[in-house]
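Undergrad: need a structure here:
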Amino acid sequence: MTNNPPEFDAVKYKQTTLQQWNTAAEAWHRWGPLLSRWLGSATETMLDMCEIGTGSRVLDVAAGAGEQSVAAARRIGQSGHLLATDLSPEILEYAAVSASLAGLNNIQTRVIDGENLEDIDADPFDAVISRVGLIYFPDQQKALAGMRHHLKNEGKVAAMVYSTAETNPFFSIPVSIIRRRANLPAPLPGQPGPFSLGAKSKLEKVFADAGFKDIKVETIDAPVRVSSAAECLQFEQESFGALHQMLSGLSDGEQDDAWNEIEESLEQFENNGHFEGPCEMLIAVGTK
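TA: The predicted structure follows:
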């Protein structure tokens, strides 16, 4: 008699995810300049694909510390409005701080689960954006349906996600090392995660299944450029709470060994005193 693999527990997953984002909130804010350098150009492409401009009403789902919210708010100006939402109240506080520091008063923040957007009572939006958020929703179809519901007719939804593990070794190498050292099983079918929408065809399909038309997917090269492998490791240690969760079953010494192996593996991306970690993003846009 064979044992069936455990089923994915979406409720427990969300609880753990909320705890991770609350814990890492300050780090995401502090690493804001790196995020801007890393994903700033890709973010502008996402905003272009959504046709966000002066006066637009924008909903940002899974906004995090709000770096992309600020970028969009600068575009829409005082005649526009942006609602930044996230599951984590702690991280949204930093989104509000970022808006204030940027001198913007056209951003509102609200704690909302991206799968329960029906809780939003607002006029329809011209565009909905989600930067590296959709991949972490257990029910991606429910999230996209909620986004579509809040759009004006002919409005657009855009989502930025990681491409495949093979094209994102800055992140996939740490994950694979930790998974091996902690003896963790492969992700369950349908389980959310960084590379859950990494295939272009799959990303197109989830948008099509949610009822969008005129779907387009762009591939964006977005290398992580920092001073060294050690700095990249520090960024991931402080910001990517899931890595710590994966390591939680190991002793302190075993965890240190894992981090050391990760840093050594990342050193392959150092050249002439700089670090450039390969990263490829996909941006999908669909029209209501």
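Undergrad: state the phi and psi torsions of residue 224.
TA: phi -90, psi 110 (degrees, to the nearest 10).
Undergrad: next structured bit after the helix or strand of the chain with the lowest mean pLDDT?
TA: Within the chain, confidence by mean pLDDT, DSSP states H and E is lowest for helix 241-247 among all helices and strands, at a mean of 88. Heading C-terminal from helix 241-247, the first helix or strand you meet, by DSSP states H and E, is helix 252-266.
Undergrad: now for that following helix, which elements pack on it?
TA: The contact analysis (3 or more Cβ pairs under 8 Å, 6 or more residues apart in numbering; DSSP states H and E) places helix 252-266 against helix 169-181, helix 229-239. Using the backbone N, CA and C atoms, a C-beta is placed for each residue, glycine as well.
Undergrad: show me where this structure dips below the pLDDT cut-off.
TA: For the chain, residues meeting the criterion pLDDT under 70 lie at 1-6.
Undergrad: ok, which stretches of it are strands?
TA: Taking DSSP state E as the criterion, the chain contains strands spanning 57-61, 81-86, 107-111, 125-131, 151-162, 213-221, 224-226, 270-271, 274-277, 280-287.
Undergrad: extract the C-alpha set from stretch 41-56 and format it as CSV.
TA: The C-alpha trace of stretch 41-56 is given here as CSV (Å, rounded to 0.1, in the frame of the first residue of the first chain):
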residue,chain,number,x,y,z
SER,A,41,12.8,49.2,-16.0
ALA,A,42,10.5,46.1,-16.1
THR,A,43,8.0,48.0,-13.9
GLU,A,44,7.9,50.9,-16.5
THR,A,45,7.2,48.3,-19.2
MET,A,46,4.4,46.8,-17.2
LEU,A,47,2.9,50.3,-16.7
ASP,A,48,3.2,51.0,-20.4
MET,A,49,1.5,47.7,-21.3
CYS,A,50,-1.4,48.7,-19.0
GLU,A,51,-1.5,52.2,-20.7
ILE,A,52,-1.3,53.9,-17.3
GLY,A,53,-1.1,57.7,-17.7
THR,A,54,-2.3,61.0,-16.3
GLY,A,55,-5.6,60.6,-14.5
SER,A,56,-5.7,56.8,-14.4
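Undergrad: grab the nearest non-local neighbour of residue 40.
TA: residue 71 (7.2 Å; Cβ to Cβ, 6 or more residues apart in numbering).
Undergrad: from the chain's centre, how far out does the least confident helix or strand of the chain sit?
TA: 16 Å (Cα atoms, centre = their mean, to the nearest Å).
Undergrad: let me have the helices and strands packed on helix 252-266 in a markdown table, adding mean neighbour count and distance to residue 34 as columns.
TA: Output for the helices and strands packed on helix 252-266, formatted as a markdown table (neighbours: other Cβ atoms under 10 Å; distance: least, Cβ to Cβ, whole Å):
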| stretch | mean neighbour count | distance to residue 34 |
| --- | --- | --- |
| helix 169-181 | 19 | 12 |
| helix 229-239 | 19 | 6 |
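Undergrad: now those as JSON lines including distance to residue 45?
TA: Putting those into JSON lines (distance: least, Cβ to Cβ, whole Å) gives the following:
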{"stretch": "helix 169-181", "distance to residue 45": "20"}
{"stretch": "helix 229-239", "distance to residue 45": "22"}
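Undergrad: I'd like to know which of the ones you listed is closest to residue 10.
TA: helix 169-181 (20.5 Å; Cβ to Cβ).
Undergrad: helices and strands around the closest one, which ones?
TA: helix 229-239, helix 241-247, helix 252-266.
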